[in-house]
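this one's structure only:
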């Protein structure tokens with residue numbers, strides 16, 4: 001698994017968790033979903049994502065998108 005796939009997996013899991021939290025805990029968790037989406041948009045333009053830095057420190061190989 002490379003960083004690109006790990007990031008997609010992480011983002012998908014976080015979106016699903018935020019939807020569950022919104023439904024079961026409090027509607028304000030909707031803002032977590034908004035934050036995740038905004039971070040994904042920002043990363044697509046800048047190529048910078050804090051999660052990628054963490055994944056690289058964990059030893060996951062670089063992918064095509066985040067070098």
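That came in fine, so what should we check first? Note that this is a predicted model, so its numbers are computed, not measured.

Let me know the helix or strand that the residue nearest in space to the middle of the chain is in.
Among the residues of the chain, residue 11 comes closest to the average C-alpha position under CA atoms, centre = their mean, at 3.2 Å. Under DSSP states H and E, the secondary-structure element containing residue 11 is helix 3-24.

Report the contact partners of residue 3.
Residues in contact with residue 3, defined by CB atoms under 8 Å, 6 or more residues apart in numbering, are 52, 55-56, 60-63, 65-66. Placement of C-beta: from N, CA and C, glycine included.

Narrow these to those in helices?
Secondary structure from DSSP state H places 52, 55-56 of those in helices.

isn't residue 21 right up against residue 29?
Yes: assessed by CB atoms under 8 Å, residue 21 is found in contact with residue 29 at 3.9 Å.

worst-scoring helix or strand of this structure, pLDDT-wise?
Among the helices and strands of the chain, helix 50-57 carries the lowest confidence by mean pLDDT, DSSP states H and E, at a mean of 92.

what sits up against that helix?
Helix 50-57 has contacts (CB under 8 Å, 6+ apart) with 3, 6-7, 10-11, 43, 62, 66.

In contact with residue 2, which residues are there?
Each residue near residue 2 by CB under 8 Å, 6+ apart is listed here: 60-64.

Going by distance to residue 38, which of the residues you listed wins?
Minimum distance to residue 38 across the contacts of residue 2 is 21.7 Å, recorded for residue 63 (CB to CB).
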